[in-house]
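Engineer: okay, sequence plus prediction incoming.
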Amino acid sequence: MVDRRTPDRARAAQLADLRARQAAKERRSRAVIIAVSATAVVGLVVGAGAVIVNESRRQSAVEQAANQPIAGVEETTDLSSDHVAAVPEPTPEEAGGTVLPPVGGDHDPVPQNCGVYAEPVATANAVHSLEHGAVWITYRPDLAQAQVDVLTELARGEGYVLLSPFPDLAAPVVLTAWGVQLQVDDAADPRVEPFLVKYVQGEQTPEPGAPCSGGVGEPS
């Protein structure tokens with residue numbers, strides 16, 4: 001007697017074999033995906049770790065530089081600090097001349113709110129911010145946008161950093177704190193960050209901790 005179920009059994013066996021081979025293929029694929037993903041994760045972790053280490057070393061180098069005298073910094077002492085109703089803007093003494101922001105002296109009774117400005121700010125208000133421990137970064141209005149971006153990155157979110165363009169500036173970039181000033185030709189100058197670390201709320205500040213907000217101006 002012929003077993004008519006034989007073809008069905010054969011087909012079932014073939015289907016089972018096909019399913020088994022497909023399952024094995026899927027397991028191999030999952031294993032490859034897991035291995036690749038694990039390698040990628042390890043690579044990201046290693047890369048992130050290297051970035052963190054490098055940034056930590058960079059910050060350490062900046063702090064060490066800030067603890068040393070910074071080349072090119074000019075110091076001025078015995079500055080007056082009276083609040084006066086009107087202080088004129090500094091202007092060149094001759095046609096085509098240049099000026100530097102004041103490092104202190106008599107100033108407006110209201111400070112300039114610290115932050116980033118795309119337009120010049122009143123010098124008299126900015127000097128009051130210096131008195132409170134701010135560093136005022138000024139730059140020539142025609143400074144390349146890439147350099148302005150570097151300065152903006154340094155100033156953005158810092159409670160005691162003021163950034164603004166300054167007409168007729170004597171150098172491409174000038175950093176000013178109360179009684180101290182540094183002229184640089186490039187925003188990426190390695191002295192810029194140490195200057196900020198050293199003089200933001202630094203020892204030269206006449207009124208440390210006084211606010212650099214609640215005054216005039218709306219930084220971006």
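Structural biologist: Received, thanks. Numbers count the residues shown, from 1 in each chain.
Engineer: quick check: which element contains Leu151?
Structural biologist: Secondary structure assignment for Leu151, by DSSP states H and E: helix 145-155.
Engineer: buried set for stretch 73-90?
Structural biologist: 73, 79, 87 (16 or more other C-beta atoms under 10 Å). All C-beta spots, glycine's among them, are computed from the backbone N, C-alpha and C.
Engineer: residue contacts, the first one?
Structural biologist: Taking C-beta atoms under 8 Å, 6 or more residues apart in numbering as the criterion, Val73 is in contact with 180-182, 195.
Engineer: measure it to Val197 for me?
Structural biologist: Taking C-beta to C-beta, to the nearest Å as the measure, Val73 falls 13 Å from Val197.
Engineer: and Leu182, helix, strand or coil?
Structural biologist: Local secondary structure at Leu182 is given as strand here, using DSSP: H, G, I helix; E, B strand; the rest coil.
Engineer: looking at this, Pro26 is in a strand?
Structural biologist: Not quite, residue 26 is Glu, not Pro. No - counting by three-state DSSP, Glu26 is not part of a strand but helix.
Engineer: quick one: it from Ile33, how far?
Structural biologist: 10 Å.
Engineer: how many residues are close by the residue nearest to Gly202 when sequence neighbours are not counted?
Structural biologist: The shortest distance from Gly202 to any residue other than its chain neighbours is 6.4 Å, reached at Ala177 (C-beta to C-beta, 6 or more residues apart in numbering). Ala177 has 26 neighbours, counted by other C-beta atoms under 10 Å.
Engineer: ok, now which ones touch Ala177?
Structural biologist: With C-beta under 8 Å, 6+ apart, Ala177 has these contacts: 103, 130, 133-136, 195, 199-200, 202, 204-205.
Engineer: which of these fall in strands?
Structural biologist: 135-136 (DSSP state E).
Engineer: which of the contacts of Ala177 fall in helices?
Structural biologist: 130, 195, 199 (DSSP state H).
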